[in-house]
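Novice: Provide a 3D model corresponding to the input given below.
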Amino acid sequence: MIKTCIAGATGYTGAELVKLISGHPDAELTAVTSRSYAGQNLTDIFPALRGMVDITCEPMDIESLKGRIDCVFLALPHKVSMAYAPFFIENNIKVIDLSADFRFKNPKAYEAAYQTHTAPDLLDRAVYGLSEIYGDAIKQADLVGNPGCYPTSLLLPLIPLIKEGMISTRGIVSDSKSGVSGAGRALSLSSHFCEVNESFKPYKVGNHRHVPEMEEILSSHAQESVKITFVPHLIPLTRGMVSTIYAEVTTPTSHEAVMKTLKQYYRPDSFVRLLPQGQFPDTAHVRGTNFCDIGVHVDPDSQRIILISAIDNILKGAAGQAVQNMNLMFGINQRRGLELIPGAI
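Specialist: Numbering: from 1, shown residues only. Model (predicted):
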C-alpha cells in the first residue's frame with residue numbers, strides 16, 4: 001500500500017483527495033494536515049465523510065511525517081509548498097504539488113506571475129503533471145507540479161494540434177467558464193452566494209496567472225513562442241469548467257483529420273474522451289469524474305478550428321489528476337481508484 005499524506009486536507013481540493021485516497025485500493029490515508037483545524041477529526045469538518053474516514057488533522061510537522069509516508073499531496077497555497085518540498089524529496093518521499101510552485105521551468109516566469117521562488121533548483125527536476133501528455137516522465141519523477149484547472153482544459157485539446165503543426169501559434173483565443181469552487185473554500189466576497197447567483201461575468205481579463213503557465217507549455221511543444229488570448233468567466237455553478245478555444249489552421253483541414261490527430265495522442269484507456277462529430281461537452285457529463293471531454297468543429301468557410309472541452313475543475317482540474325499522477329509515479333494503472341461514474345441526472 002502507498003502510504004500518503006494530504007497537506008491542506010480541509011480545502012475543497014484536499015477534501016476531494018481524502019475521498020479518492022480513502023477509496024483507492026492501493027493507497028492508504030496515513031496523515032492529513034491542516035493549520036486551521038489541527039486536532040479535529042476530519043468528519044467534524046466534513047460530516048459527509050462519517051462512517052468512511054476516521055482521521056484527525058495534524059499540524060504541518062514535516063519531521064513527524066518522515067518514515068511514515070511514501071507520498072505527499074501538497075494542497076497548499078502558492079509559495080507555501082516550495083518551503084516543504086525540498087525536505088520531502090531529501091527523505092525519498094514523492095511529492096505531488098497542487099500549487100503553482102513547481103509548474104514552471106523558468107523561475108522568472110513563475111516569479112513574474114507569483115512571487116520569489118525559494119527552491120528554484122528543484123524546477124528542472126519537477127515534471128509538469130499533465131498526465132496524458134507527460135505520463136512517461138511522470139513515471140520516473142519524484143516531484144510533480146500538478147497543472148491548474150484552466151490549463152488542463154486548454155492544453156489537452158491544444159497540445160496535439162500545436163505539436164503536429166495543424167494550427168497557428170498566433171491568434172489562439174480561449175473563452176473559458178468555471179464554477180465557483182475554483183475560487184477555493186476561503187471566504188471571499190466575490191464568491192458569496194448573493195454575488196454569484198443569477199450572475200455571469202468575466203474576471204482577471206488580460207492578467208490571469210494561469211496564462212504564463214499555458215504559454216510556457218505550448219511554446220515548448222511548438223518550439224517557438226506562443227501567446228494566447230484567455231478570458232475566464234465565473235458562472236453560478238458549484239463545480240465544472242468549459243473552455244471554448246478558437247485557432248487558425250495552418251493548411252486547410254477537416255474534422256476527420258483533426259480527430260485522427262487527437263486519437264493518436266489519447267488512447268481509449270486515457271481520461272480524455274473525444275466526442276463524435278456534432279456533439280459537444282457538457283459539465284453535467286464530467287461532474288464527479290476525472291474525464292476531460294473534447295468536441296471539435298472545423299468551420300469550412302473560415303478554416304478556423306473550434307475546440308470545446310469540459311472537466312470537473314476539482315477532479316481532473318486538481319485532485320483527480322493528482323491521484324492519476326500518483327498512480328503513474330508508483331507504477332499503477334493510471335485509472336486505478338478513479339473509475340468514477342457520473343450520475344445520469
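
Novice: how about the backbone phi and psi for the closest residue in space to I167 that isn't next to it in sequence?
Specialist: Closest residue to I167 apart from its sequence neighbours, by Cβ to Cβ, 6 or more residues apart in numbering: A247 at 4.1 Å. Placement of C-beta: from N, CA and C, glycine included. The phi/psi pair for A247 (degrees, to the nearest 10) reads phi -140, psi 150.

Novice: equivalent analysis for T30, please.
Specialist: Dihedral angles (degrees, to the nearest 10) for T30: phi -90, psi -40.

Novice: so how far is A7 from it?
Specialist: Plainly put, T30 is 12 Å away from A7 if you go by Cβ to Cβ, to the nearest Å.

Novice: who's in contact with the residue nearest to I167?
Specialist: Neighbouring residues of A247 by Cβ atoms under 8 Å, 6 or more residues apart in numbering: L158, L161, I167, S168, G171, I172, V173, R304, I305, L307.

Novice: show me which of those residues are buried.
Specialist: Taking 16 or more other Cβ atoms under 10 Å as the criterion, what is buried in the contacts of A247 is L158, L161, I167, S168, I172, R304, I305, L307.

Novice: how many neighbours does E111 have?
Specialist: Neighbour count of E111, defined by other Cβ atoms under 10 Å: 13.

Novice: what residues go with each domain of this structure?
Specialist: According to automatic domain parsing, the chain is divided into the following domains: 2-125, 150-313.

Novice: can I get stretch 58-66 as CSV, trimmed to CA atoms?
Specialist: Presented in CSV, the C-alpha positions along stretch 58-66 are these (Å, rounded to 0.1, in the frame of the first residue of the first chain):
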residue,chain,number,x,y,z
GLU,A,58,-2.3,17.2,12.4
PRO,A,59,-0.3,20.4,12.3
MET,A,60,2.2,20.5,9.5
ASP,A,61,5.2,19.0,11.3
ILE,A,62,7.4,17.6,8.5
GLU,A,63,9.8,15.8,10.8
SER,A,64,6.9,13.7,12.3
LEU,A,65,6.0,12.6,8.8
LYS,A,66,9.4,11.2,8.0
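
Novice: and that stretch, what's buried?
Specialist: Of the residues in stretch 58-66, E58, M60, I62, L65 count as buried by neighbour count, 16+ other Cβ under 10 Å.

Novice: filter those down to the ones in helices?
Specialist: Judged by DSSP state H, helices contain the following of these: I62, L65.

Novice: ok, so of the buried residues of stretch 58-66, who is nearest A126?
Specialist: Nearest to A126 out of the buried residues of stretch 58-66 is I62 (Cβ to Cβ; 18.5 Å).

Novice: what segments of the chain are helices?
Specialist: Taking DSSP H to define them, one finds helices in the chain at 12-22, 42-45, 62-65, 81-90, 107-113, 131-139, 149-163, 193-196, 210-222, 255-265, 320-329.

Novice: take those and write them to a markdown table, including distance to S99 and mean pLDDT.
Specialist: Listed next are the helices of the chain as a markdown table, based on distance: least, Cβ to Cβ, whole Å; pLDDT from 0 to 100:
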| stretch | distance to S99 | mean pLDDT |
| --- | --- | --- |
| helix 12-22 | 10 | 95 |
| helix 42-45 | 21 | 93 |
| helix 62-65 | 16 | 92 |
| helix 81-90 | 5 | 96 |
| helix 107-113 | 11 | 92 |
| helix 131-139 | 17 | 97 |
| helix 149-163 | 13 | 98 |
| helix 193-196 | 24 | 72 |
| helix 210-222 | 12 | 96 |
| helix 255-265 | 27 | 97 |
| helix 320-329 | 11 | 98 |
